[in-house]
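*Asks:* sequence and computational prediction follow.
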Amino acid sequence: MIAHAIFFYVFSIIAVVSAIMVTASKNTVHSVFFLILDFISISCLFIMIGAEFLGMIMLIVYVGAVAVLFLFVVMMLNVAQQKNQWFVSKDSSRHIPIGLLISIIIFFELIIVVGGWKYKPDLFNFTKSSIENGVSNTHSLGQVLYTDYIHVFQISGMILLIAMIGAIVLTFRQREGVKKQSYLKQISRERTEGVEVLEVASNKGVKIDD
Amino acid sequence: MEYLDIILQESYKILFLLVPVLVSVAMIVWLDRRVWAFVQKRQGPNVVGPFGLLQSLADALKYIFKEIIIPASSNKVIFILAPIITMTLALIAWAVIPFGLEQVLADINVGILYIFAVSSLGVYGIIMGGWSSNSKYPFLGAIRSAAQMVSYEVSIGIIIINVLLCVGSLNLNDIVVAQKEMWFVIPLFPMFVIFFISALAETNRPPFDLPEAEAELVAGYQTEYSGMMYAMFWLGEYANILLMCALGSILFLGGWLSPIDLYPFNLIPGALWLIFKILFLFILFALVKAIVPRYRYDQLMRLGWKIFLPLSLTYVVLTASYLFYFNLLPTI
């Protein structure tokens, strides 16, 4: 049990410190790397409480895909200009009250939820679908998700799909004058239509591209 | 005291797994160059040791004694971390590969997800190396590889779902045992082909080696690296290739099972069968490298998103409905 506690504290300290470093570090790219470290240590915590499936999905989805896209965007920014100077510069100090307000709201929400769960456990039906012993984590998760909560699950999938389509519609625009490559045309090109022999008059030249 | 014993025992196990993996990575580099040479009617490395077997050791010695140059304008911490991360991620995935029913370092419930997660983390070594070099070519290479690896991960994930539908467990040993009657390469042959091609893209092998395309990007994300750090990228890459071959043989070629369950074949231990299958897949990798010309970048993206993704999704629907209507769904 001691080893368990030691690992728990190591991972949670790393998680908290890296979460602080995400906002505090000067370089935006470093912030993203700290965010990744945070995700990894949280997934380690998930694995430690026996939620192995959640931990692995956290790694695959957040670290393997979402954070890569974050990095992708952040690296394109000019790092020299992007030095985070939240606490120093006059301009950005007006963001701090709003940020504080939001974090205080989230903090109180957490207190309400965790406190309610701790002191009034029978308020919500958490224990409705009890976890059976001897059944793997993935299996029991699937059984809850695809039986009792199938409609909620489908609706959340639809919401994600709509968000994706919305993002595509917002950024999609038809530009004129852009040359596109048609694979079928490229493959089915023959020599007879690719090469043309022209009689060029002296000092006239030929227009080849129109 | 008790913990110390456990730690010592596990360290021995890890050592006996990692040393053979590292040695075989060195040998596989030699094999790769040899196959490549034979396709082009050359001899390949054949001077150092018998058949040139010690060529990789000679190369490693050369890399060790070269100076490590860290560019002045680079982001030094991340620059040094990048090859270390590549190497570590390539090695830790071997913890769950089963070499037999009992011969596995960590027999965890979510083995296949673990391998998938670790291989999806592999992109970080490349991105970090490319960005921290603070140079144009490495950065372009890193961006290319980020897009490429994320796209091909999607189709690999869906192919894995295909296999899992037939198995009903995420444990790698269960996946192998489920193929006792028939290897999954027979019912899921199209998926095997797509998996093989996606694995090529995932490990940045030719014809998908856009991140290091030497004709356009010098050496891509490795341009600024030298000495041992370059060698670590190199080793990590080949360890990743071996891992993908191992994953392919576990998912489709029956892992450590012998092809025929008859007397003389039963005597060969399962670990050897797995090694044979890995070697078979690796020689295919090497042949592809020698034969196929490099893809253009837009063709690569089109192949991943417009061809492989719909195909593998369709196959998931087909597999699921076949299993459902013929009542073949695995009971858990």
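*Replies:* Here it is on my side, so go on.
*Asks:* contacts and neighbour counts: CA atoms only from here.
*Replies:* OK.
*Asks:* tell me which parts of chain B are close to chain A?
*Replies:* B:109-110, B:113-114, B:116-117, B:120-121, B:123-124, B:131, B:143, B:146, B:150 (CA under 8 Å from any CA of the partner chain).
*Asks:* ok, these vs B:Ser249, which is closest?
*Replies:* B:Phe116 (14.8 Å; CA to CA).
*Asks:* of the residues of chain B next to chain A, grab the buried ones for ChimeraX.
*Replies:* Command for ChimeraX that selects the buried part of those, burial taken from 16 or more other CA atoms under 10 Å in any protein chain shown:
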select /B:109,110,113,114,116,117,120,121,123,124,131,143,146,150
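*Asks:* which parts of stretch B:174-188 are buried?
*Replies:* B:174-179, B:183-185, B:188.
*Asks:* and stretch B:271-291, by the same measure?
*Replies:* B:271, B:273-275, B:277-279, B:281-290.
*Asks:* from the contact counts, what lies against the host helix or strand of B:Ala142?
*Replies:* Under the criterion of DSSP states H and E, B:Ala142 resides in helix B:136-167. With contacts taken as 3 or more CA pairs under 8 Å, 6 or more residues apart in numbering or on different chains; DSSP states H and E, helix B:136-167 sits against helix A:67-76, helix B:111-121, helix B:123-132, helix B:172-177, helix B:189-202, helix B:214-217, helix B:297-302, helix B:309-325.
*Asks:* dump the buried residues of stretch B:174-188 into JSON lines; add pLDDT as well.
*Replies:* Formatted as JSON lines, those follow (pLDDT from 0 to 100):
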{"residue": "B:Asp174", "pLDDT": "86"}
{"residue": "B:Ile175", "pLDDT": "88"}
{"residue": "B:Val176", "pLDDT": "88"}
{"residue": "B:Val177", "pLDDT": "87"}
{"residue": "B:Ala178", "pLDDT": "86"}
{"residue": "B:Gln179", "pLDDT": "86"}
{"residue": "B:Trp183", "pLDDT": "87"}
{"residue": "B:Phe184", "pLDDT": "86"}
{"residue": "B:Val185", "pLDDT": "86"}
{"residue": "B:Leu188", "pLDDT": "87"}
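*Asks:* before we move on, back to that, ok, which of the helices and strands packed on helix B:136-167 comes nearest A:Ser188?
*Replies:* That would be helix B:297-302 among the helices and strands packed on helix B:136-167, by CA to CA, at 16.0 Å.
*Asks:* before we move on, the earlier item: pull the most distant pair out of the residues of chain B next to chain A.
*Replies:* B:Asn109 and B:Trp131 (35.9 Å).
*Asks:* for the biggest helix by length in chain B, buried residues please.
*Replies:* Across chain B, the longest stretch assigned as helix under DSSP state H is helix B:2-39. Using 16+ other CA under 10 Å as the burial criterion, the residues of helix B:2-39 that qualify are B:17-18, B:21-22, B:24-32, B:34-36.
*Asks:* regarding chain A, what is its longest helix?
*Replies:* helix A:95-119.
*Asks:* next secondary structure after it?
*Replies:* Past helix A:95-119, the next helix or strand by DSSP H and E is helix A:137-143.
*Asks:* pull out the buried residues from that following helix.
*Replies:* Burial within helix A:137-143, assessed by neighbour count using 16+ other CA under 10 Å, is assigned to A:137-138, A:140-141.
*Asks:* for stretch A:55-63, same thing?
*Replies:* Those buried within stretch A:55-63 under the rule 16+ other CA under 10 Å are A:55-60, A:62-63.
*Asks:* can I get the CA coordinates of it in PDB?
*Replies:* What follows is stretch A:55-63 as a C-alpha-only set of coordinates in PDB (Å, rounded to 0.1, in the frame of the first residue of the first chain):
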ATOM      1  CA  GLY A  55      -6.600   6.000 -18.900                       C
ATOM      2  CA  MET A  56      -5.700   4.500 -22.200                       C
ATOM      3  CA  ILE A  57      -8.400   6.400 -24.100                       C
ATOM      4  CA  MET A  58      -7.200   9.600 -22.400                       C
ATOM      5  CA  LEU A  59      -3.800   8.900 -23.800                       C
ATOM      6  CA  ILE A  60      -5.000   8.000 -27.300                       C
ATOM      7  CA  VAL A  61      -7.500  10.800 -27.700                       C
ATOM      8  CA  TYR A  62      -6.100  13.700 -25.800                       C
ATOM      9  CA  VAL A  63      -2.300  13.100 -26.000                       C
END
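*Asks:* what's in contact with that stretch?
*Replies:* A:36, A:39-40, A:42-47, B:110, B:113-114, B:116-117, B:120-121 (CA atoms under 8 Å, 6 or more residues apart in numbering or on different chains).
*Asks:* need the residues of chain A near chain B, please.
*Replies:* Taking CA under 8 Å from any CA as the contact definition, chain A meets chain B at A:52-53, A:56-57, A:59-60, A:63-65, A:68, A:72, A:75, A:136.
*Asks:* mind doing that once more with 6 Å?
*Replies:* Residues of chain A lying near chain B by CA under 6 Å from any CA of the partner chain: A:59-60, A:64.
*Asks:* where are the low-confidence patches of the stretch 101-250 of chain B?
*Replies:* Low-confidence segments of the stretch 101-250 of chain B, defined by pLDDT under 70: B:214.
*Asks:* chain A now?
*Replies:* Counting by pLDDT under 70, chain A has low-confidence residues at A:78-93, A:121-134, A:208-210.
*Asks:* show me where it has helices.
*Replies:* Under DSSP H, chain A gives helices at A:2-24, A:28-48, A:52-58, A:67-76, A:95-119, A:137-143, A:150-171, A:183-187, A:191-194.
*Asks:* B:Val104: which of those helices is closest?
*Replies:* That would be, of the helices of chain A and by CA to CA, helix A:52-58, which comes in at 18.5 Å.
*Asks:* and the spatially most central residue of chain A, how far from A:Ile36?
*Replies:* Centroid-nearest residue in chain A, with CA atoms, centre = their mean: A:Val66, separated by 2.7 Å. Distance, A:Val66 to A:Ile36, by CA to CA, to the nearest Å: 10 Å.
*Asks:* over to B:Ala178?
*Replies:* 36 Å.
*Asks:* near the closest residue in space to B:Leu300 that isn't next to it in sequence, how many other residues are there?
*Replies:* Counting by CA to CA, 6 or more residues apart in numbering or on different chains, B:Leu300 lies nearest to B:Phe208, which is 7.3 Å off, once chain neighbours are set aside. Look at B:Phe208: counted by other CA atoms under 10 Å in any protein chain shown, it has 26 neighbours.
*Asks:* check B:Ile68 too.
*Replies:* B:Ile68: 14 neighbours (other CA under 10 Å).
*Asks:* can you check B:Tyr297 too?
*Replies:* So B:Tyr297, with other CA under 10 Å, has 15 neighbours.
*Asks:* the one 4 residues further on now?
*Replies:* By the measure other CA under 10 Å, the count of residues near B:Met301 is 16.
*Asks:* now it: closest residue in space, sequence neighbours ignored.
*Replies:* In space, B:Met301 is closest to B:Gln148, 7.1 Å off (CA to CA, 6+ apart).
*Asks:* go on, B:Phe196?
*Replies:* B:Gly248 (7.4 Å).
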